[in-house]
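>>> make a model of this:
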Amino acid sequence: MKKMRFILIPAACLFLACLAVIVYTVRGGYTTAIGGGRELLIVMYHSVIADSSRAGKYVVTPDTVKEDIMYLKNNGYSFVSAQEVIDYSEHGTPLPKKPVMLTFDDGNYNFYSHVMPILEETGAKAVCSIVGSYTDEFSESNIKNATYGYLRWSEVYDMYLSNRVEVGNHSYDFHSVDKGRNGAQKKKGESDEEYKRVFCADTEKAQNRFLSKTGFAPIIYAYPFGAYSKGTTEWLQDMGFKMSFSCTEGINTVTSDPDSLFMLKRFNRPSGLSSADFFERCGL
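Sure, this is the predicted structure:
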(Lines give C-alpha, C1' and ligand atoms only; values in the text may rest on other atoms or scores of the structure.)
Protein backbone atom coordinates (compact mmCIF):
# COMPACT_ATOMS: atom_id res chain seq x y z
CA MET A 1 0.00 0.00 0.00
CA LYS A 2 2.85 2.38 0.83
CA LYS A 3 4.39 1.69 -2.56
CA MET A 4 1.10 2.50 -4.29
CA ARG A 5 0.91 5.84 -2.44
CA PHE A 6 4.43 6.63 -3.57
CA ILE A 7 3.37 6.19 -7.18
CA LEU A 8 0.05 8.02 -6.96
CA ILE A 9 1.23 11.14 -5.14
CA PRO A 10 3.76 12.23 -7.83
CA ALA A 11 1.19 11.44 -10.52
CA ALA A 12 -1.39 13.60 -8.76
CA CYS A 13 1.14 16.41 -8.38
CA LEU A 14 1.97 16.23 -12.07
CA PHE A 15 -1.73 16.45 -12.98
CA LEU A 16 -2.26 19.46 -10.72
CA ALA A 17 0.81 21.16 -12.14
CA CYS A 18 -0.47 20.68 -15.68
CA LEU A 19 -3.90 21.96 -14.65
CA ALA A 20 -2.29 25.04 -13.10
CA VAL A 21 -0.47 25.76 -16.36
CA ILE A 22 -3.71 25.54 -18.32
CA VAL A 23 -5.62 27.74 -15.88
CA TYR A 24 -2.79 30.28 -15.81
CA THR A 25 -2.68 30.34 -19.58
CA VAL A 26 -6.43 30.94 -19.95
CA ARG A 27 -6.47 33.57 -17.22
CA GLY A 28 -3.51 35.26 -18.86
CA GLY A 29 -5.68 35.85 -21.91
CA TYR A 30 -4.15 33.40 -24.39
CA THR A 31 -4.31 29.67 -24.95
CA THR A 32 -0.94 28.68 -26.40
CA ALA A 33 -0.54 25.95 -23.76
CA ILE A 34 -3.62 24.06 -24.97
CA GLY A 35 -3.55 25.17 -28.62
CA GLY A 36 -7.02 26.70 -28.64
CA GLY A 37 -6.25 29.94 -30.48
CA ARG A 38 -7.80 33.31 -29.67
CA GLU A 39 -11.14 34.84 -30.48
CA LEU A 40 -10.92 38.16 -32.30
CA LEU A 41 -13.68 40.70 -32.93
CA ILE A 42 -13.23 43.00 -35.94
CA VAL A 43 -15.45 46.02 -36.63
CA MET A 44 -15.79 47.38 -40.18
CA TYR A 45 -16.48 51.07 -40.78
CA HIS A 46 -16.63 52.99 -44.03
CA SER A 47 -17.29 56.72 -44.32
CA VAL A 48 -17.39 58.92 -41.22
CA ILE A 49 -19.32 62.17 -41.82
CA ALA A 50 -20.20 64.85 -39.30
CA ASP A 51 -23.57 65.55 -40.94
CA SER A 52 -25.90 63.03 -39.26
CA SER A 53 -28.48 63.43 -42.06
CA ARG A 54 -26.09 61.52 -44.33
CA ALA A 55 -25.74 58.57 -41.95
CA GLY A 56 -26.81 55.14 -43.17
CA LYS A 57 -25.70 51.54 -43.60
CA TYR A 58 -22.15 52.51 -44.54
CA VAL A 59 -21.91 56.00 -43.06
CA VAL A 60 -21.65 56.90 -39.37
CA THR A 61 -20.80 60.08 -37.48
CA PRO A 62 -17.56 60.75 -35.58
CA ASP A 63 -19.58 60.63 -32.36
CA THR A 64 -20.62 57.06 -33.16
CA VAL A 65 -17.00 56.00 -33.66
CA LYS A 66 -15.96 57.60 -30.38
CA GLU A 67 -18.89 56.10 -28.50
CA ASP A 68 -18.04 52.64 -29.88
CA ILE A 69 -14.43 52.99 -28.76
CA MET A 70 -15.41 54.11 -25.26
CA TYR A 71 -17.98 51.31 -24.98
CA LEU A 72 -15.35 48.72 -25.87
CA LYS A 73 -12.81 50.20 -23.46
CA ASN A 74 -15.36 50.32 -20.64
CA ASN A 75 -16.18 46.65 -21.26
CA GLY A 76 -12.59 45.48 -21.00
CA TYR A 77 -11.67 45.24 -24.69
CA SER A 78 -8.18 46.15 -25.89
CA PHE A 79 -7.46 47.55 -29.35
CA VAL A 80 -4.86 45.52 -31.21
CA SER A 81 -3.02 46.13 -34.44
CA ALA A 82 -2.88 43.73 -37.35
CA GLN A 83 0.83 43.26 -36.64
CA GLU A 84 0.09 42.19 -33.06
CA VAL A 85 -2.36 39.58 -34.34
CA ILE A 86 0.19 38.39 -36.91
CA ASP A 87 2.86 38.15 -34.19
CA TYR A 88 0.48 36.08 -32.06
CA SER A 89 -0.14 33.67 -34.94
CA GLU A 90 3.47 33.43 -36.09
CA HIS A 91 5.36 33.59 -32.79
CA GLY A 92 2.85 33.04 -29.99
CA THR A 93 3.29 36.61 -28.77
CA PRO A 94 0.50 37.08 -26.18
CA LEU A 95 -2.58 39.14 -27.00
CA PRO A 96 -4.72 40.89 -24.39
CA LYS A 97 -7.72 39.00 -22.97
CA LYS A 98 -10.37 40.66 -25.15
CA PRO A 99 -8.75 41.86 -28.38
CA VAL A 100 -10.63 43.93 -30.94
CA MET A 101 -9.62 45.45 -34.27
CA LEU A 102 -11.13 48.53 -35.88
CA THR A 103 -11.02 48.67 -39.69
CA PHE A 104 -12.03 51.43 -42.11
CA ASP A 105 -12.50 50.64 -45.80
CA ASP A 106 -12.20 52.74 -48.98
CA GLY A 107 -9.69 55.38 -47.86
CA ASN A 108 -12.10 58.25 -47.38
CA TYR A 109 -10.53 61.60 -46.56
CA ASN A 110 -12.76 61.79 -43.49
CA PHE A 111 -10.73 59.00 -41.90
CA TYR A 112 -7.80 61.42 -41.82
CA SER A 113 -9.83 64.46 -40.76
CA HIS A 114 -12.31 62.87 -38.32
CA VAL A 115 -11.07 59.45 -37.18
CA MET A 116 -7.36 59.96 -36.59
CA PRO A 117 -7.94 62.66 -33.94
CA ILE A 118 -10.32 60.26 -32.16
CA LEU A 119 -7.68 57.51 -32.22
CA GLU A 120 -5.13 59.87 -30.69
CA GLU A 121 -7.57 61.05 -28.04
CA THR A 122 -8.71 57.58 -27.01
CA GLY A 123 -5.52 55.60 -27.57
CA ALA A 124 -7.23 53.24 -30.02
CA LYS A 125 -5.71 51.71 -33.18
CA ALA A 126 -7.17 51.10 -36.62
CA VAL A 127 -6.53 49.73 -40.11
CA CYS A 128 -7.43 51.97 -43.05
CA SER A 129 -7.57 50.21 -46.42
CA ILE A 130 -6.94 52.31 -49.54
CA VAL A 131 -8.32 52.08 -53.09
CA GLY A 132 -5.29 52.99 -55.20
CA SER A 133 -7.15 54.52 -58.13
CA TYR A 134 -9.15 56.81 -55.81
CA THR A 135 -6.00 58.02 -54.10
CA ASP A 136 -4.32 58.62 -57.46
CA GLU A 137 -7.31 60.66 -58.63
CA PHE A 138 -7.57 62.84 -55.52
CA SER A 139 -3.80 63.30 -55.30
CA GLU A 140 -3.84 64.67 -58.83
CA SER A 141 -6.81 66.96 -58.20
CA ASN A 142 -5.49 67.88 -54.74
CA ILE A 143 -9.05 67.99 -53.36
CA LYS A 144 -9.53 67.70 -49.61
CA ASN A 145 -13.18 67.11 -48.77
CA ALA A 146 -14.46 65.22 -45.72
CA THR A 147 -17.87 64.55 -47.27
CA TYR A 148 -17.02 62.91 -50.58
CA GLY A 149 -13.23 63.02 -50.99
CA TYR A 150 -10.57 60.33 -50.72
CA LEU A 151 -7.11 60.34 -49.23
CA ARG A 152 -4.13 61.70 -51.13
CA TRP A 153 -0.77 59.94 -51.04
CA SER A 154 0.59 62.59 -48.65
CA GLU A 155 -2.05 61.64 -46.08
CA VAL A 156 -1.42 57.94 -46.65
CA TYR A 157 2.25 58.53 -45.86
CA ASP A 158 1.32 60.44 -42.69
CA MET A 159 -0.86 57.52 -41.65
CA TYR A 160 2.01 55.10 -42.30
CA LEU A 161 4.18 57.12 -39.91
CA SER A 162 1.47 57.13 -37.23
CA ASN A 163 1.65 54.61 -34.41
CA ARG A 164 -2.16 54.46 -34.41
CA VAL A 165 -2.85 53.43 -38.02
CA GLU A 166 -1.92 50.55 -40.31
CA VAL A 167 -2.61 50.85 -44.02
CA GLY A 168 -4.18 48.11 -46.11
CA ASN A 169 -4.55 47.46 -49.84
CA HIS A 170 -8.21 47.66 -50.95
CA SER A 171 -7.27 46.94 -54.60
CA TYR A 172 -6.17 49.39 -57.23
CA ASP A 173 -9.40 49.54 -59.23
CA PHE A 174 -11.69 46.67 -58.19
CA HIS A 175 -13.88 49.04 -56.21
CA SER A 176 -15.36 50.61 -59.33
CA VAL A 177 -18.89 49.43 -60.03
CA ASP A 178 -18.75 50.11 -63.78
CA LYS A 179 -15.98 47.65 -64.67
CA GLY A 180 -18.24 44.66 -65.23
CA ARG A 181 -16.80 42.82 -62.25
CA ASN A 182 -18.14 42.42 -58.71
CA GLY A 183 -15.22 43.59 -56.61
CA ALA A 184 -12.33 41.13 -56.89
CA GLN A 185 -14.61 38.31 -58.01
CA LYS A 186 -14.09 36.22 -61.13
CA LYS A 187 -16.24 37.23 -64.11
CA LYS A 188 -18.70 34.77 -65.57
CA GLY A 189 -16.96 32.81 -68.31
CA GLU A 190 -13.49 34.05 -67.32
CA SER A 191 -10.81 31.36 -67.33
CA ASP A 192 -8.90 30.56 -64.13
CA GLU A 193 -5.68 31.74 -65.76
CA GLU A 194 -7.13 35.08 -66.86
CA TYR A 195 -8.74 35.66 -63.46
CA LYS A 196 -5.42 35.06 -61.72
CA ARG A 197 -3.63 37.39 -64.11
CA VAL A 198 -6.16 40.20 -63.61
CA PHE A 199 -6.33 39.82 -59.82
CA CYS A 200 -2.57 39.73 -59.37
CA ALA A 201 -2.00 42.61 -61.82
CA ASP A 202 -4.47 44.86 -59.99
CA THR A 203 -3.03 43.97 -56.58
CA GLU A 204 0.56 44.47 -57.72
CA LYS A 205 -0.31 47.79 -59.35
CA ALA A 206 -1.65 49.05 -56.02
CA GLN A 207 1.43 47.71 -54.20
CA ASN A 208 3.72 49.47 -56.66
CA ARG A 209 1.84 52.74 -56.18
CA PHE A 210 2.27 52.43 -52.42
CA LEU A 211 5.99 51.78 -52.84
CA SER A 212 6.60 54.61 -55.28
CA LYS A 213 4.53 57.18 -53.35
CA THR A 214 5.23 56.25 -49.73
CA GLY A 215 8.14 53.79 -49.64
CA PHE A 216 6.16 50.92 -48.11
CA ALA A 217 3.80 48.20 -49.29
CA PRO A 218 0.87 46.88 -47.19
CA ILE A 219 0.70 43.31 -45.88
CA ILE A 220 -3.08 43.57 -45.35
CA TYR A 221 -5.67 43.13 -48.12
CA ALA A 222 -9.35 44.08 -47.81
CA TYR A 223 -11.63 42.61 -50.49
CA PRO A 224 -13.76 45.28 -52.22
CA PHE A 225 -17.41 44.58 -51.38
CA GLY A 226 -16.16 41.36 -49.79
CA ALA A 227 -16.32 39.77 -53.26
CA TYR A 228 -13.71 37.17 -54.21
CA SER A 229 -13.24 33.81 -55.88
CA LYS A 230 -11.18 30.70 -55.24
CA GLY A 231 -7.41 31.02 -55.32
CA THR A 232 -6.98 34.59 -54.09
CA THR A 233 -5.67 33.68 -50.62
CA GLU A 234 -2.82 31.65 -52.12
CA TRP A 235 -1.98 34.44 -54.56
CA LEU A 236 -1.97 37.08 -51.81
CA GLN A 237 0.31 34.91 -49.68
CA ASP A 238 2.67 34.50 -52.65
CA MET A 239 2.78 38.31 -52.95
CA GLY A 240 3.79 38.69 -49.30
CA PHE A 241 0.45 39.52 -47.67
CA LYS A 242 -0.04 38.28 -44.12
CA MET A 243 -3.75 39.06 -43.59
CA SER A 244 -6.98 39.65 -45.51
CA PHE A 245 -10.44 40.93 -44.57
CA SER A 246 -13.79 39.70 -45.87
CA CYS A 247 -17.22 41.27 -45.33
CA THR A 248 -18.71 38.13 -43.78
CA GLU A 249 -19.89 38.76 -40.24
CA GLY A 250 -18.76 36.68 -37.28
CA ILE A 251 -16.11 36.21 -34.60
CA ASN A 252 -12.71 34.95 -35.72
CA THR A 253 -10.48 32.34 -34.14
CA VAL A 254 -6.80 33.09 -34.75
CA THR A 255 -4.35 30.19 -34.42
CA SER A 256 -0.79 29.37 -35.42
CA ASP A 257 -2.11 28.35 -38.85
CA PRO A 258 -1.26 31.22 -41.29
CA ASP A 259 -4.56 30.61 -43.10
CA SER A 260 -6.44 31.70 -39.96
CA LEU A 261 -5.34 35.29 -40.74
CA PHE A 262 -7.03 35.31 -44.14
CA MET A 263 -10.68 35.99 -44.98
CA LEU A 264 -11.15 37.39 -41.48
CA LYS A 265 -14.78 38.13 -40.61
CA ARG A 266 -15.94 41.65 -39.71
CA PHE A 267 -19.13 43.21 -38.41
CA ASN A 268 -20.28 46.16 -40.52
CA ARG A 269 -21.12 49.19 -38.37
CA PRO A 270 -24.28 50.97 -39.60
CA SER A 271 -25.86 54.06 -38.12
CA GLY A 272 -29.09 53.99 -36.13
CA LEU A 273 -27.89 51.67 -33.36
CA SER A 274 -26.45 52.56 -29.98
CA SER A 275 -23.04 51.10 -29.21
CA ALA A 276 -24.63 48.72 -26.70
CA ASP A 277 -27.19 47.48 -29.24
CA PHE A 278 -24.62 47.10 -32.02
CA PHE A 279 -22.14 45.13 -29.95
CA GLU A 280 -24.92 42.98 -28.50
CA ARG A 281 -25.71 42.07 -32.11
CA CYS A 282 -22.04 41.15 -32.49
CA GLY A 283 -22.40 38.70 -29.62
CA LEU A 284 -20.66 40.72 -26.91
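
>>> which residues touch the residue positioned nearest the centre of the chain?
Relative to the mean C-alpha position of the chain, the nearest C-alpha, by CA atoms, centre = their mean, is the one of T103, at 5.1 Å. Applying CB atoms under 8 Å, 6 or more residues apart in numbering to T103 gives the contacts 42-45, 126-129, 168, 222, 245, 266. Just so you know, the C-beta spots here come from the backbone N, C-alpha and C atoms, and that holds for glycine as well.

>>> could you list the buried residues of stretch 59-71?
59-62, 64-69, 71 (16 or more other CB atoms under 10 Å).

>>> what do you get for stretch 196-209?
196, 198-200, 202-203, 206-207, 209.

>>> CSV please, covering the residues you listed and showing pLDDT.
Below are the buried residues of stretch 196-209 laid out as CSV (pLDDT from 0 to 100):
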residue, pLDDT
K196, 97
V198, 96
F199, 97
C200, 98
D202, 97
T203, 98
A206, 98
Q207, 98
R209, 98
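
>>> for those residues, which one is nearest N108?
When these are compared for distance to N108 (CB to CB), A206 wins out at 16.7 Å.

>>> ok, now how distant is that closest one from V48?
Applying CB to CB, to the nearest Å, the value for A206 to V48 is 23 Å.

>>> got it, and P258?
Distance from P258 to V48, by CB to CB: 32 Å.

>>> same question, D277
19 Å.

>>> kindly report the same for F278.
F278 is 15 Å from V48, where distance means CB to CB.

>>> before we move on, the earlier item: now the residue nearest to the centre of the chain: which helix or strand?
strand 99-106 (DSSP states H and E).

>>> ok, then the element right after that strand?
Moving toward the C-terminus from strand 99-106, the next element (DSSP H and E) is helix 109-110.

>>> picking up where we left off before, if we take the contacts of T103, which one ends up nearest to A184?
The nearest member of the contacts of T103 to A184, counting by CB to CB, is A222 at 9.9 Å.

>>> show me the contacts for that closest one.
Contacts of A222 by CB under 8 Å, 6+ apart are 103, 105, 127, 129, 168-170, 244-245.

>>> quick one: which of the residues you listed sit in strands?
Residues of those located in strands (DSSP state E): 103, 105, 127, 129, 168-169, 244-245.

>>> can you lay out those residues as TSV showing distance to S191 and pLDDT?
Listed next are these as TSV, based on distance: CB to CB, whole Å; pLDDT from 0 to 100:
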residue	distance to S191	pLDDT
T103	32	98
D105	29	98
V127	33	98
S129	28	98
G168	28	98
N169	24	98
S244	23	98
F245	27	98
